[in-house]
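J.: Could you look at this predicted model? Sequence included:
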Amino acid sequence: MNSLTAKTRWAIALAASAALLCCAAPAVAAGPAGAADTAVGWRVSGIAVSADGNHAYVVAQDHVGSGHPNLLRTVDTRTGAVVAQTLLSQDGTAGRPALSPDGNRVYVLAADQLLTVDLATGSVPFRTPVDGPRALAVSADGSRVFVTQQGTSGPGRVLVYDTFARSFTGAVTLGDPDVDGIALHNGGADAYVATGAGVVHLDLTSPVPTVTRTVRPLAAATEVTASREGTRLYALGSRSAQGSGYELDPFTDTSRTVFTLGGPASSADTHLVSVTPDGSRLFVLKDGWKPSATVLAYDTATNTALPAADLTGFGLDGVGATALGPDGHTLYLAGPRGETSYLKAVAF
């Protein structure tokens, strides 16, 4: 979660690179029903899509005078209309939202709190303080939310939030202060957490998670994702491994490089790795802060790039958030165009 100063720098960088828009690839196909782009705020930090694909939940920060409130906006993906919005916080930063399995609630980190949003009422009935949160994941039965916590004076942790007790009930310490993304695997029995020391495998079968091991060989990582069918795990490298993507073997907890964008220690800016529901295709956002932002496609069966299937030319100044729809053939993305960010649905 970046500071306001970092956000300002990001916005300036986008404006400075706007002149490159003329060089973007031809526009991609429109989304379902040809819905127009939807204005969703000043800067978007995350998107979640309902299981039926009919609604997208967008966390966005507005710019109102000197204030920067965070809101959750619900977009009807069939019409492109914003049908509800909920104030999350008056300031601070916010992260990517996650839906409960029953689709009735959204969990989101904002202003150093874990928020529970009731979608039926559009209210935030529960706010639980948490220092230095980074990312979250919801268990398959909806009973627990796992929150990664950045270390300040020591190692980072994964906190366990009991959705019935409405409180944090446990924590496991990891071996590095830099903790980021988390993905659940094996029906929620395991979790993989991106850290500065690599990806850490957690056993979630007990009330308090335990560390199984750190995936080897793998350098520092920022993001990790699992396919919905549960057989594939991927991570993005950071630091000296910036621009590298790894496939993780959950049986041996080893990894291998799947792709390299410009080689180790390159300036390749890669984020938001995601996998189609059937696990057949991997997508990675490259250079999201530029008008030439591209979503790169990879075949997971052969671990080869599919340049003909890359998505680009979005008509935005950059892309700050993405989410795959449940059909596996629609990508929802959001980014700025001028002073406003827009949600776009891209069919492929």
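T.: Thanks, I have it. Everything numeric in this text was worked out from a predicted model, so none of it was measured. Numbering: from 1, shown residues only.
J.: Can you check the pLDDT for the residue lying closest to Leu272 once chain neighbours are set aside?
T.: Nearest non-adjacent residue to Leu272, counting by CB to CB, 6 or more residues apart in numbering: Leu285, 4.3 Å away. Every C-beta, even on glycine, is put in place using the N, C-alpha and C of the backbone. Looking at Leu285, its pLDDT is 91.
J.: Kindly export stretch 80-87 (C-alpha atoms) in CSV.
T.: C-alpha atoms of stretch 80-87 as CSV (Å, rounded to 0.1, in the frame of the first residue of the first chain):
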residue,chain,number,x,y,z
GLY,A,80,-22.0,-0.8,-17.1
ALA,A,81,-23.9,1.2,-14.4
VAL,A,82,-22.7,1.9,-10.9
VAL,A,83,-25.6,0.5,-8.8
ALA,A,84,-24.2,1.0,-5.3
GLN,A,85,-21.4,2.5,-3.4
THR,A,86,-20.1,2.2,0.2
LEU,A,87,-17.6,4.5,1.9
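J.: Could you list the low-pLDDT ranges of this protein?
T.: For the chain, the stretches flagged by pLDDT under 70 are 1-35, 229-230, 239-241, 261-268.
J.: what about the helices in it?
T.: Using DSSP state H, the helices of the chain run over residues 4-16.
J.: just to revisit the earlier point, to what extent is the residue nearest to Leu272 buried, counted in neighbours?
T.: Per other CB atoms under 10 Å, the neighbour tally for Leu285 reads 25.
J.: Quick check: bridge partners of it?
T.: Judged by DSSP bridges, the bridge partners of Leu285 are His271, Val295.
J.: From here on, call the first residue 800.
T.: I'll keep to 800 as the first residue from here, and by that count the last item is Leu1084.
J.: Tell me, how many residues neighbour Ser966?
T.: 11.
J.: Not counting its neighbours along the chain, what's nearest it?
T.: Nearest non-adjacent residue to Ser966, counting by CB to CB, 6+ apart: Thr927, 6.6 Å away.
J.: Could you measure from the one you found over to Ser1073?
T.: Between Thr927 and Ser1073 the computed distance is 27 Å (CB to CB, to the nearest Å).
J.: Equivalent analysis for Gly953, please.
T.: 32 Å.
J.: Between the two, point out the one with more neighbours.
T.: Ser1073 (18 against 8).
J.: residues in contact with that one?
T.: Going by CB atoms under 8 Å, 6 or more residues apart in numbering, Ser1073 touches 1024, 1081-1083, 1121-1123.
J.: at 7 Å what do you get?
T.: When contacts are counted by CB atoms under 7 Å, 6 or more residues apart in numbering, Ser1073 touches 1024, 1082, 1121, 1123.
J.: Can you tell me which of those has the most neighbours?
T.: That'd be Thr1121 among the contacts of Ser1073, by other CB under 10 Å, with 27 neighbours.
J.: Pull up the gap between the residue lying closest to Glu1138 once chain neighbours are set aside and Arg1136, please.
T.: Among residues not flanking Glu1138 along the chain, Trp841 sits closest, at 6.9 Å (CB to CB, 6+ apart). Distance, Trp841 to Arg1136, by CB to CB: 12 Å.
J.: What of Ala910?
T.: The value you get for Ala910 to Arg1136, if CB to CB is used, is 27 Å.
J.: what's the answer for Leu870, then?
T.: 19 Å.
J.: give me every residue that touches the residue nearest to Leu1071.
T.: 1069-1071, 1092, 1094, 1118, 1121.
J.: now Thr927
T.: 912-913, 960, 966-967.
J.: 8 Å instead, please
T.: Counting by CB under 8 Å, 6+ apart, Thr927 touches 912-914, 960, 965-967.
J.: circling back to that earlier point, show me which pair in the contacts of Ser1073 is furthest apart.
T.: Thr1024 and Thr1121 (11.4 Å; CB to CB).
J.: Count the residues that sit near the residue nearest to Glu1138.
T.: The burial count for Trp841: 18, using other CB under 10 Å.
J.: Test my guess that Thr994 contacts Gly950.
T.: No: look at Thr994 against Gly950 with CB atoms under 8 Å: they stay out of range, at 9.5 Å.
J.: And the residue nearest to Ser966, how far from Gly840?
T.: 24 Å.
J.: Relative to His854, how far out is Gly840?
T.: From Gly840 across to His854, the span is 17 Å (CB to CB).
J.: quick one: which of these two has more around it?
T.: Using other CB under 10 Å as the criterion, Gly840 and His854 rank with Gly840 on top: 24 against 20.
J.: what ranges do the strands span in the stretch 1000-1147 of the chain?
T.: Here the stretch 1000-1147 of the chain has its strands, by DSSP state E, counting those that start in this stretch, at 1009-1013, 1020-1025, 1032-1036, 1043-1048, 1053-1059, 1069-1074, 1080-1085, 1093-1098, 1103-1104, 1110-1111, 1120-1123, 1129-1136, 1139-1146.
J.: what do you get for the stretch 800-949 of the chain?
T.: 837-840, 842-848, 854-860, 869-875, 880-888, 897-898, 904-908, 912-917, 922-928, 932-937, 943-948.
J.: tell me how far the last one is from the chain's mean position?
T.: In terms of CA atoms, centre = their mean, to the nearest Å, the gap separating the centre of strand 943-948 from the centre of its chain is 14 Å.
J.: That one to strand 922-928, inter-axis angle?
T.: Per axes from the mean of the first three to the mean of the last three CA atoms, to 10 degrees, the angle that strand 943-948 makes with strand 922-928 is 50 degrees.
J.: now the fourth one
T.: The directions of strand 869-875 and strand 922-928 differ by 140 degrees, with the same axes, to 10 degrees as the criterion.
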